[in-house]
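1. Give me a 3D structure for the following:
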Amino acid sequence: MSIEQAKEVLKIEAEGIISLLDQLDADFEKAVTMIMTCSTRVIITGIGKSGIIGQKIAATMNSTGTPAMFLHPVEAMHGDLGMVDAQDIILAISYSGETAELSLLLPNLKKRGAKIIAMTGNPLSSLALGADAVLKVAVPREACPLGLAPTTSTTAALAMGDALAVVLLNLKQFKESDFRRNHPAGSLGERLKVNVAEVMLTGAAIPRVTKTAPLTKAIAELNLKNLGAVLVMQDEKIIGILTDGDLRRFINQKGGDLRGLTLADTITKEPKVITTDLLAADALSIMQRHEITFLAVTDHHGKLAGVLHLQDLLGKGEFRFLV
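-> You can find the predicted model right below:
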């Protein structure tokens, strides 16, 4: 009896995915073009089961060449909205298209200038009507016999996310070598044997401002690069660092009033650094010893070469401080 029920669930969910074939239209092409021409990243949002699906889609995009991050709609309305850039593309997931949290969030995203792709089962919903492109994921029925628990609908959304990621992968000519770079092979020990230079972020990905920059510019760079810190530079040399934690402490000390506060007032001088020829294991040791997640990387002349974040070194959720 249980095997027959399981077969019926799989049949219903398979039918749900097949039903997506007839729902693919010009808006899918438009969504692909929007992401391909995006100079920043895809921000995926949703709540509940849709949020979990969104996190998986973000992970798939990141590993296949499309920069993406998940933004919880409630956290967004309590400060994380600052991470959204006007150039970002928003992928908002809601089967009903009437999720209250998204209905509150989306007008604020549009005010920031971000374009929106809706993934919904209701093309006439508020979410769909307010979006720049709509990915339709309506399913004939849920596998849940009560029709209450999202089952087929979440499977369909996941499949549509995979379809989008794979199309983007092909258009970007993403290669096996690129995939390997995003998935360092072997055990944790093997991954830590590579040089810092092989895993550090470089160029435009480095959060930095000059020492003469106003504090507001440093805060904007913190939000834009989203690495938790910004380096303060003078002639390609690092003279200080401003972290999210530093900023929170100063805000607390000033009672939220930052008027008159300059960048020089807030930076920590002589931040921890590592040189390009050392191993990732050495970087991890420094991070653990000082309980930090961000390191500047320099050459032997002290010139900035890159930065290293713990997530880039190990991946999310794979490391905890042993202190």
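2. residues making contact with stretch 29-44?
-> With contacts defined as C-beta atoms under 8 Å, 6 or more residues apart in numbering, stretch 29-44 is touched by 54-55, 57-58, 61, 66-71, 83-85, 87-93, 114-115, 117, 132-133, 135, 164, 167-168, 171-172. In this view, the C-beta of every residue, glycine as well, is placed from N, C-alpha and C.
3. 7 Å instead?
-> 54, 57-58, 61, 66-71, 84-85, 87-91, 115, 117, 132-133, 135, 164, 167-168, 171 (C-beta atoms under 7 Å, 6 or more residues apart in numbering).
4. Please convert the buried members of these into PyMOL selection syntax.
-> Selecting only the buried entries of the contacts of stretch 29-44 in PyMOL, with 16 or more other C-beta atoms under 10 Å as the criterion:
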select buried, resi 54+57+58+61+66+68+69+70+71+84+85+88+89+90+91+115+117+132+133+135+164+167+168
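5. In strands, which of the contacts of stretch 29-44 fall?
-> Judged by DSSP state E, strands contain the following of the contacts of stretch 29-44: A68, M69, F70, L71, I89, I90, L91, K115, I117, A133, L135.
6. Would you confirm that the fourth one contacts G51?
-> No: with the criterion set as C-beta atoms under 7 Å, L71 and G51 do not qualify as a contacting pair; they are 9.5 Å apart.
7. Nearest to G306 among the ones in strands among the contacts of stretch 29-44?
-> M69 (20.5 Å; C-beta to C-beta).
8. pLDDT below threshold where in this structure?
-> By pLDDT under 70, the low-scoring segments of the chain are 176-192, 254-261, 315-323.
9. By residue count, which helix of it is the longest?
-> In the chain, with assignment by DSSP state H, the single longest helix is helix 152-171.
10. Output the contacting helices and strands for it.
-> helix 2-18, helix 26-36, helix 49-63 (3 or more C-beta pairs under 7 Å, 6 or more residues apart in numbering; DSSP states H and E).
11. Can you say which of the ones you listed is packed in most?
-> Most buried of the helices and strands packed on helix 152-171 by mean neighbour count (mean count of other C-beta atoms under 10 Å) is helix 49-63; its value is a mean of 20.
12. what's in contact with that one?
-> With C-beta under 7 Å, 6+ apart, helix 49-63 has contacts from 42, 44-46, 68-70, 72, 93-95, 150, 154, 157-158, 161-162, 165, 179, 182-183.
13. tell me the angle of it relative to helix 26-36?
-> Here helix 49-63 points in a direction 50 degrees away from that of helix 26-36 (axes from the mean of the first three to the mean of the last three C-alpha atoms, to 10 degrees).
14. What residues of the longest helix of the chain count as buried?
-> 152-161, 163-165, 167-169.
15. Tell me the secondary structure at the spatially closest residue to A149 that is not a sequence neighbour.
-> Once flanking residues are discounted, A149 sits nearest to E142: 6.9 Å by C-beta to C-beta, 6 or more residues apart in numbering. Recorded secondary structure, E142: coil (DSSP: H, G, I helix; E, B strand; the rest coil).
16. With V209 instead?
-> Classified using three-state DSSP, V209 is strand.
17. Make 18 the starting number, not 1.
-> Right, with 18 as the first residue, what we last looked at is V226.
18. wait, doesn't D299 sit right on I291?
-> Yes: judged on C-beta under 7 Å, D299 makes contact with I291 at a distance of 6.4 Å.
19. coming back round to it: ok, the residue nearest to A166 to L181 distance?
-> 22 Å (C-beta to C-beta, to the nearest Å).
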